[in-house]
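Chemist: Please work out how this folds:
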Amino acid sequence: MASVTVINHPLVQHKLTIMRDKHTSTAGFRQLLREIATLLCYEVTRDLELTTTTIETPLAEMRAPTLAGKKLVFASVLRAGNGLLEGMLDLVPAARVAHIGLYRDPKTLQAVEYYFKAPDDLDERLTIVVDPMLATANSAIAAIDRLQERGAKDIRFVCLLAAPEGIDKFHGAHPEVPIYTASVDKFLNDKGYIVPGLGDAGDRMYGTK
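Modeler: So this is what the prediction gives:
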């Protein structure tokens with residue numbers, strides 16, 4: 001899994017353990033997801049290109065590093081992706097945002113699109129797709145397909161948990177897109193849920209079933 005980066009920072013792993021616990025409250029789950037998202041964002045943006053600009057400190061003029069190129073795009077796969085999105089915007093508040101509305105058909109497990117809105121110039125920006133779970137990978141693949149149709153060329157995918165089956169399918173469709181995750185779990189069950197996982201991320205975020 002050369003293109004899969006598992007972010008095993010102690011704070012990420014500690015917070016993830018609390019999120020997995022079925023007794024963690026909705027409010028606690030949502031807050032932890034936001035906190036982990038900030039830590040994941042730190043890792044996925046580690047190699048952003050820098051340039052320099054001239055500024056004046058209170059003591060002297062200097063050349064200082066600043067991000068190069070156009071602002072990046074966070075693409076949230078609705079609805080659960082918004083839990084990661086908010087934490088990432090805490091770290092990069094000037095980022096542009098795309099929303100991709102997809103739901104999983106309970107019978108076929110295929111992704112069905114109901115909404116798409118993104119900046120016009122995706123071809124000039126790094127696009128980071130966020131969705132807490134990479135399970136069957138159908139939603140992730142569909143989201144990246146749509147972004148590429150709109151011109152996105154530089155794409156990264158960030159999730160909280162991934163299943164080996166989802167990684168294999170994702171790489172089969174988009175081998176050029178790297179995956180960043182906090183954990184690669186054991187397997188998918190017959191309903192398409194990650195095991196041991198943490199349940200349905202959207203339901204746990206919003207207190208729905």
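
Chemist: Just the helices from the protein, written as ranges.
Modeler: Along the chain, counting by DSSP state H, helices occupy 10-20, 26-44, 81-91, 138-149, 164-173, 201-206.

Chemist: Least confident of these, on average?
Modeler: Here the lowest mean pLDDT among the helices of the chain goes to helix 201-206, at a mean of 90.

Chemist: And that helix, what does it pack against?
Modeler: For helix 201-206, the packing partners by 3 or more CB pairs under 8 Å, 6 or more residues apart in numbering; DSSP states H and E come out as helix 26-44. C-beta: built from backbone N, CA, C; applies to glycine.

Chemist: tell me the angle the helix it packs on makes with helix 10-20.
Modeler: Relative orientation of helix 26-44 versus helix 10-20 (axes from the mean of the first three to the mean of the last three CA atoms, to 10 degrees): 150 degrees.

Chemist: Dump helix 26-44 to CSV, restricted to CA.
Modeler: The C-alpha trace of helix 26-44 is given here as CSV (Å, rounded to 0.1, in the frame of the first residue of the first chain):
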residue,chain,number,x,y,z
THR,A,26,-22.8,12.6,19.8
ALA,A,27,-21.3,15.9,21.0
GLY,A,28,-18.1,14.2,22.0
PHE,A,29,-17.9,12.3,18.7
ARG,A,30,-18.4,15.5,16.7
GLN,A,31,-15.8,17.4,18.7
LEU,A,32,-13.2,14.6,18.4
LEU,A,33,-13.8,14.3,14.7
ARG,A,34,-13.1,18.0,14.3
GLU,A,35,-9.9,17.8,16.4
ILE,A,36,-8.6,14.7,14.4
ALA,A,37,-9.4,16.5,11.2
THR,A,38,-7.0,19.3,12.1
LEU,A,39,-4.3,16.8,12.8
LEU,A,40,-4.9,14.9,9.6
CYS,A,41,-4.9,18.2,7.6
TYR,A,42,-1.4,19.0,9.1
GLU,A,43,-0.1,15.8,7.6
VAL,A,44,-1.8,15.9,4.2
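
Chemist: buried residues in it?
Modeler: By neighbour count on 16 or more other CB atoms under 10 Å, the buried set for helix 26-44 is 29-41, 44.

Chemist: try stretch 61-74
Modeler: Neighbour-count burial for stretch 61-74 flags 72, 73, 74 (criterion: 16+ other CB under 10 Å).

Chemist: which residues touch the last one?
Modeler: Pointing back at residue 74 there. Residue 74 makes contact with 85, 88, 89, 92, 95, 96, 97, 98, 127, 128, 130, according to CB atoms under 8 Å, 6 or more residues apart in numbering.
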